[in-house]
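# okay, sequence plus prediction incoming.
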Amino acid sequence: MDVITECFSEHYWSHTWQGDLATTGARQGRFFGAFAFIERVSSDLIAEDDFVVHRSTQRLRHTGEVFGVPPTGREVTVEHVEMWRVTDGKIVEHWGGIGAGSQLHRALTT
């Protein structure tokens, strides 16, 4: 928890999850808890002024319920983009998430 306190402002807001840090953590935890990590295919971290972007592609195995879909054991590729605005050395805003969520849903159900 010290890392959370060190990195995130008490005024943090996620525009993606429409909530504070607890809301963001819970929702991301449920999503990523449904997958087992296999391999990071790519990762880019870009910062300019008060804005930071992380783009990654990962291979994951579907091991838990997500999007109402029970575990399939399938390997999927997930493209993920997170963006943060930083003020006084702490993250105050967040945008982002998985790209092509509908494609991921189809990969798990077809």
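Yep, that arrived.
# quick check, central residue of the protein?
Residue closest to the average C-alpha location in the chain (Cα atoms, centre = their mean): residue 97, at 4.9 Å.
# leaving out chain neighbours, which residue sits closest to it?
Spatial nearest neighbour of residue 97, chain neighbours left out: residue 16 (5.2 Å); criterion: Cβ to Cβ, 6 or more residues apart in numbering. For the C-beta atoms, the positions are set from N, CA and C on the backbone; glycine is no exception.
# that's a strand at that neighbour, yeah?
No. Secondary structure assignment (DSSP: H, G, I helix; E, B strand; the rest coil) places residue 16 in coil, not in a strand.
# surely it and residue 83 touch.
No. Residue 16 is not in contact with residue 83 according to Cβ atoms under 8 Å; the separation is 9.0 Å.
# looking at those two, which one has more neighbours?
Using other Cβ atoms under 10 Å, the more surrounded residue of residue 16 and residue 83 is residue 83, with 17 against 14.
# let's verify that one: helix, strand, or coil?
Counting by three-state DSSP, the backbone at residue 83 sits in strand.
# distance of it relative to residue 39?
Distance, residue 83 to residue 39, by Cβ to Cβ, to the nearest Å: 24 Å.
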